[in-house]
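*Asks:* With the sequence up front, the predicted model follows.
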Amino acid sequence: MTRATVFGAGSWGTTFAKVLADAGCDVMLHARRPELATAITEKSENTDYLPGVRLPDGVRATSDPAEALQDAEIVVLAVPSQSLRENLTQWTPLLPADATLVSLMKGIELGTTRRMSEVICEVTGAGPERVAVLSGPNLAREIAEEQPAATVIACTDTGRGELLQAACHTAYFRPYTNPDVIGCELGGAVKNVIALAVGIAEGLGFGDNTCASLITRGLAETARLGLVLGAELTTFAGLAGLGDLVATCSSPLSRNRTFGEKLGQGMSLAEVVASTKQTAEGVKSCRSVLDLARAHGIDVPITEAVVRVCHEDADPARIVKEMMSREAKPE
C-alpha cells in the first residue's frame, strides 16, 4: 500500500487526502492546529472545511510533521502559495529521500516570481524529476462529494507521473498525465486572476458576454506568457488551461470568483478578506503574475486591471471603461 502525506487540511488538501485513500493509499493528513487534527482522526470528518463529508478509514491526521512524513512515498503540498517557502524550510529535513513531491498550489511567489514547483526544488534540493504538479477543474467540494472530475498530473519523469496517476485514480476522479509542468502550473496560477476579473464584472452587474470575453481574453494572456516561458500551446486548450479556467470563473464555489464579485459590489479589499476564512490565491498572485509578465515583455491587461482594483484602490467601473477604450487590434 502506498504511503502518502498531505500537508494542508483546508478544503482541497482534505479532499485530495480522501481521493488518495479511496484510490487505495494509506494517508496521513497534516493539520497546523492540533485540535483540528484530533477532530479529523476521531470523527473522520473535517468539520471546519468539509462539513458533512465522511473521510475514509485510510485517512488519519496529525499536527506533527515528523509523524506525518514517516515512510511517506508521496508528499502532497496544499498550503497557501505565499507560505510554501517558510513551511517547506521547516519540513525539508524530515522529507524521505526519494519521495515524490506533489504541488496542489496555484500561485506565483511574490518577490521571486517563482512557480511553486521551482520553490519546491529550490528549498528541498530535489531535482525537477521528483516534483509533480496537479491542476485542472477541481473544485474541492464537488470532488469531495464524488462528482465526476478530471485532472492533469504534470511531471517531467513519465514513470513517476504514471505512478502518481495510479495512486489517485478513482471511480470519480480521473487523472491524465502531461510532461508540460510549466504550462499546467501557469494555467492554474493565472486562472485565479482571471476569475477575480470575472467576479468583479459579475459584481458590477455585467452579463454573460462580458464574462465570456474575459475568460477568452484571459486565456490568451495566459498562453502568451506561457509560450515565452517554454510551455506548450496545447496545454492551455486542455484541463489545466481552459478546463480549470472555465470552472474557476463560472462556479459560485470558486473562492476567487466570489472574492471578485464582492469587490465589484463595492466592498474594499480589507472588507472582503475579513468576510472569508479561505484563501483566494489570485489576490496576492496577481501582483507576481504581473511582475513575471513585465519581466518578459508580455502584455496582460486583465491581470494589470485586477492588480489596480485589488492593490491600488482603483474603481472597478472606471477600469472597465479604460479597458474597453484600448486601441483596437487583431485578435
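*Replies:* Sure, I can see it.

*Asks:* what's in contact with stretch 56-69?
*Replies:* Here stretch 56-69 makes contact (Cβ atoms under 8 Å, 6 or more residues apart in numbering) with 5, 7, 9, 17-18, 20-22, 24-34, 36-38, 40-41, 44, 75, 90-91, 94-96. Placement of C-beta: from N, CA and C, glycine included.

*Asks:* and what of stretch 249-260?
*Replies:* With contacts defined as Cβ under 8 Å, 6+ apart, stretch 249-260 is touched by 139-142, 191-203, 211, 214-215, 218, 247-248, 272, 276, 278-283, 306.

*Asks:* List buried residues within these.
*Replies:* 139-142, 191-203, 211, 214-215, 218, 247-248, 272, 279-283, 306 (16 or more other Cβ atoms under 10 Å).

*Asks:* What ranges does the stretch 151-300 of the chain have for its helices?
*Replies:* Along the stretch 151-300 of the chain, counting by DSSP state H, counting those that start in this stretch, helices occupy 158-167, 181-203, 208-229, 244-250, 255-264, 269-275, 281-295.

*Asks:* lowest-confidence stretch among the ones you listed?
*Replies:* With a mean of 91, helix 269-275 has the lowest mean pLDDT of these.

*Asks:* Can you list the buried residues in that helix?
*Replies:* So, applying 16+ other Cβ under 10 Å, buried residues of helix 269-275: residue 272.

*Asks:* quick one: the strands in the stretch 1-150 of the chain?
*Replies:* Counting by DSSP state E, counting those that start in this stretch, the stretch 1-150 of the chain has these strands, from start to end: 3-7, 26-30, 59-62, 74-77, 100-103, 131-135, 149-154.

*Asks:* In its sheet, which strands sit next to the first one, and in what direction?
*Replies:* For strand 3-7, the paired strands and their directions (DSSP bridges) read strand 26-30 (parallel), strand 74-77 (parallel).

*Asks:* With distance to residue 328 added, can I get the helices of the stretch 151-300 of the chain in CSV?
*Replies:* CSV is the format used below for the helices of the stretch 151-300 of the chain (distance: least, Cβ to Cβ, whole Å):
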stretch, distance to residue 328
helix 158-167, 43
helix 181-203, 20
helix 208-229, 13
helix 244-250, 25
helix 255-264, 25
helix 269-275, 32
helix 281-295, 22
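
*Asks:* Point out the one among these that comes closest to residue 83.
*Replies:* helix 281-295 (10.3 Å; Cβ to Cβ).

*Asks:* how big is the angle separating the next helix or strand along the chain from that closest one from helix 181-203?
*Replies:* Remark: after helix 281-295, the chain's next helix or strand is helix 301-311, criterion DSSP states H and E. Counting by axes from the mean of the first three to the mean of the last three Cα atoms, to 10 degrees, helix 301-311 points 60 degrees away from the direction of helix 181-203.

*Asks:* Mind giving me the packing neighbours of helix 301-311?
*Replies:* Packed against helix 301-311 by the contact rule (3 or more Cβ pairs under 8 Å, 6 or more residues apart in numbering; DSSP states H and E) you find helix 181-203, helix 208-229, helix 255-264, helix 281-295, helix 316-324.

*Asks:* Deepest in the core, which of these is it.
*Replies:* Among the helices and strands packed on helix 301-311, ranked by average contacts under mean count of other Cβ atoms under 10 Å, first place goes to helix 181-203 (a mean of 29).

*Asks:* The nearest residue to residue 239 once chain neighbours are set aside and residue 148, how far apart?
*Replies:* Distances taken as Cβ to Cβ, 6 or more residues apart in numbering place residue 136 nearest to residue 239, at 4.2 Å, with adjacent residues excluded. With distances defined as Cβ to Cβ, to the nearest Å, the gap from residue 136 to residue 148 amounts to 12 Å.

*Asks:* Give me the more crowded residue out of the two.
*Replies:* Using other Cβ atoms under 10 Å, the more surrounded residue of residue 136 and residue 148 is residue 136, with 23 against 11.

*Asks:* Contacts only, for the more buried one.
*Replies:* 149-152, 239-240, 243-244.

*Asks:* Make TSV out of those and add distance to residue 261 and neighbour count.
*Replies:* Output for the contacts of residue 136, formatted as TSV (distance: Cβ to Cβ, whole Å; neighbours: other Cβ atoms under 10 Å):
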residue	distance to residue 261	neighbour count
149	23	20
150	26	14
151	26	25
152	27	28
239	25	23
240	24	32
243	21	21
244	19	26
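
*Asks:* Many thanks, I have nothing further to ask.
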